[in-house]
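**Student:** build me a model from this:
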Amino acid sequence: SVSRYARNTVDSLSNVRMLREKGVKIFFEKENIDSLDPKCDMILSIYSSLAEEESRSISTNIRWSVQKRFEKGKVIMCFNCLYGYGQDRDGNVYIKEDEAEVVRDIYFGFLIGKSYQNIVEELKNRNIPSPKGNNTWSKSTIKSILQNEKYMGDAILQKTYKRDFLTQRRVKNTGQAPQRYVENNHPAIIDKDTWNAVQAELKRRKELRSVEQTGKGRYNGKYAFSGKIVCGLCGGGFRRHNYINYNKKEYVWTCKQHVKSNKLCHQLPIKEEHLESIFVKTINKLISNREEILSAVKSSVKDAIVELDYKQDDDNLIKIDKEIELLQNEIYNLSVKRRTKAIDAEMYNSESQKAISRIDELFAQRDKLVELNTAVSLAKVKGEIVERFLTEQTQLEKFDRDVFEKLVEKIIIKGKDNIMFEFKDGTSLKAETEFKTL
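**Tutor:** Numbers count the residues shown, from 1 in each chain. Below is the predicted model:
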């Protein structure tokens, strides 16, 4: 039948004509149409139009039913396809603990400063297969896991939509169709504070500016000190170099501006081994004054929250989300009215533009609230990491990269006798040690 051959009038007629030119006949038994008959085009176009309209009607009905399920907060998703989760025959979602532990490790590793590449290499060394069963993970997979709200038990519905029923191509939903946010839909692998902290860290790394403009460079976690050292004289970052000294290779860290010209910055290079030695001595000093430092850490986190002028305002966030949802529905209804010619183009453009402008304002308000929440979550989580370390850690005998990445946010070097360690909770400590430059 024509309806089984094609549900797009243009495609149907063009393909029939193309095959006719090559002498290929199509016989539609149900309608008794022979495509080699030149007079069949008009009849074929009528039947194709009916088939297209039937397809449009089915698509509209399916879309309506999906929208109704979304309105009720019903999540339509195969959780068996989501790493860390599974779904039984009754549709109940459960956590796969072995995979969930990997997800937690990815989140924690990212928070303590590991790059995507560091995490990929660590998973490979542990012989952990990727979600697709490959031996090597991709950086895009790590990023998608870190950005997926489903790992904290929530779900955003209708992230994508189909522009029309003919192409069936899904595109990202940027406000063209209403979205729903469902909280506590399924068991969480990551708590909300940790998830929000990771989003804040993602944003921080994204906002790192170019080397040419500031000398800071993009985020890089190849070495323990990568992206951690800041020049106290010019504000630039440090880069790792190596040189041969008495047939022995040694590594040094040099200010990027000093590399360009010592007139831009006269900061001298610093040996990596001395930086490591300083860190060990500084941490051991912290551990020996455990109780005093723990009190300072808690006070620092509280001060950071006060400085952000933070007040829990979930009710306002919910109100904004509801208004956005209503406006998105309004835009959708306007498009339906325009398609059925219930309103003219002028009214459609005017009303839809008003709704879009208001949505933009609401999203800006929402972004500010979310940004504040994530900043507070990041402060809390980093404070907890430092507290946990100080409570459990014993004295260090040598440099430990994992310990360094867990604790240190950055090292500020103003000179050989003026080095400051800034920890992830916001506290700072001046290094008291003999320090050598080249």
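
**Student:** C-terminal to the helix or strand of the chain with the lowest mean pLDDT, what's the next element?
**Tutor:** Ranking every helix and strand in the chain by mean pLDDT, DSSP states H and E puts helix 211-214 at the bottom, with a mean of 47. Elements were assigned by DSSP states H and E; along the chain past helix 211-214, the next helix or strand is strand 229-231.

**Student:** now the residue sitting nearest the centre point of the chain. Nearest residue, chain neighbours left out?
**Tutor:** Geometric centre of the chain, nearest residue: residue 147, 3.1 Å, by CA atoms, centre = their mean. Closest residue to residue 147 apart from its sequence neighbours, by CB to CB, 6 or more residues apart in numbering: residue 202 at 7.0 Å. For the C-beta atoms, the positions are set from N, CA and C on the backbone; glycine is no exception.

**Student:** how about the helices of the stretch 101-250 of the chain, start to end?
**Tutor:** For the stretch 101-250 of the chain, applying DSSP state H, counting those that start in this stretch gives helices covering 116-125, 139-147, 192-206, 211-214.

**Student:** make TSV out of those helices and add distance to residue 355.
**Tutor:** As requested, the helices of the stretch 101-250 of the chain are arranged in TSV below (distance: least, CB to CB, whole Å):
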stretch	distance to residue 355
helix 116-125	38
helix 139-147	28
helix 192-206	28
helix 211-214	39
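
**Student:** and those: which comes nearest residue 397?
**Tutor:** Closest to residue 397 of these is helix 116-125 (CB to CB; 23.3 Å).

**Student:** now the closest one against helix 192-206, angle please.
**Tutor:** Angle of helix 116-125 versus helix 192-206, following axes from the mean of the first three to the mean of the last three CA atoms, to 10 degrees, is 120 degrees.

**Student:** residue 411 pairs with what?
**Tutor:** Per DSSP bridges, the residues bridged to residue 411 are residue 229, residue 421.

**Student:** mind listing what residue 80 touches?
**Tutor:** Under the criterion of CB atoms under 8 Å, 6 or more residues apart in numbering, the neighbours of residue 80 are 86, 87.

**Student:** same deal with residue 272?
**Tutor:** Per CB under 8 Å, 6+ apart, neighbours of residue 272: 225, 240, 250, 251, 252, 253.

**Student:** now, among those, which is nearest to residue 276?
**Tutor:** If you rank the contacts of residue 272 by distance to residue 276 using CB to CB, residue 225 comes first, at 8.8 Å.

**Student:** distance of that closest one from residue 241?
**Tutor:** Separation of residue 225 from residue 241 (CB to CB, to the nearest Å) stands at 12 Å.

**Student:** what touches both of these two?
**Tutor:** Joint contacts of residue 225 and residue 241 (CB under 8 Å, 6+ apart) are residue 253.

**Student:** more crowded one of these two?
**Tutor:** residue 225 (21 against 13; other CB atoms under 10 Å).

**Student:** how much space between that one and residue 96?
**Tutor:** 37 Å.

**Student:** what about residue 110, neighbour count?
**Tutor:** 23.

**Student:** residue 357 now?
**Tutor:** 11.

**Student:** which ones are touching it?
**Tutor:** Contacts of residue 357 (CB under 8 Å, 6+ apart): none.

**Student:** in which helix or strand does it reside?
**Tutor:** Taking DSSP H and E as the definition, residue 357 sits inside helix 345-392.

**Student:** what's the average pLDDT for that helix?
**Tutor:** What helix 345-392 shows for mean pLDDT is 77.

**Student:** excluding chain neighbours, give the residue nearest to residue 223 in space.
**Tutor:** Once flanking residues are discounted, residue 223 sits nearest to residue 240: 5.7 Å by CB to CB, 6+ apart.

**Student:** count of residues packed around residue 340?
**Tutor:** For residue 340, using other CB under 10 Å, the count is 8.

**Student:** do the same with the one 4 residues further on
**Tutor:** Using other CB under 10 Å, residue 344 has 11 other residues around it.

**Student:** from residue 396, how far out is it?
**Tutor:** 75 Å.

**Student:** mind pulling the model confidence for the closest residue to residue 108 other than its chain neighbours?
**Tutor:** Of all residues not flanking residue 108 in the chain, residue 194 sits nearest, at 8.0 Å (CB to CB, 6+ apart). Note on residue 194: pLDDT of 84.

**Student:** how much space between residue 194 and residue 201?
**Tutor:** 10 Å.

**Student:** so where is the stretch 1-150 of the chain shaky, pLDDT-wise?
**Tutor:** Segments of the stretch 1-150 of the chain classed as low confidence (criterion: pLDDT under 70) are 1-8, 10, 38, 53-76.

**Student:** for the stretch 151-300 of the chain, same thing?
**Tutor:** Using pLDDT under 70, the flagged stretches of the stretch 151-300 of the chain are 158-171, 173-180, 208-221, 289-300.

**Student:** give the residues shared as contacts by residue 194 and residue 201.
**Tutor:** Common neighbours of residue 194 and residue 201 (CB under 8 Å, 6+ apart) are residue 111.
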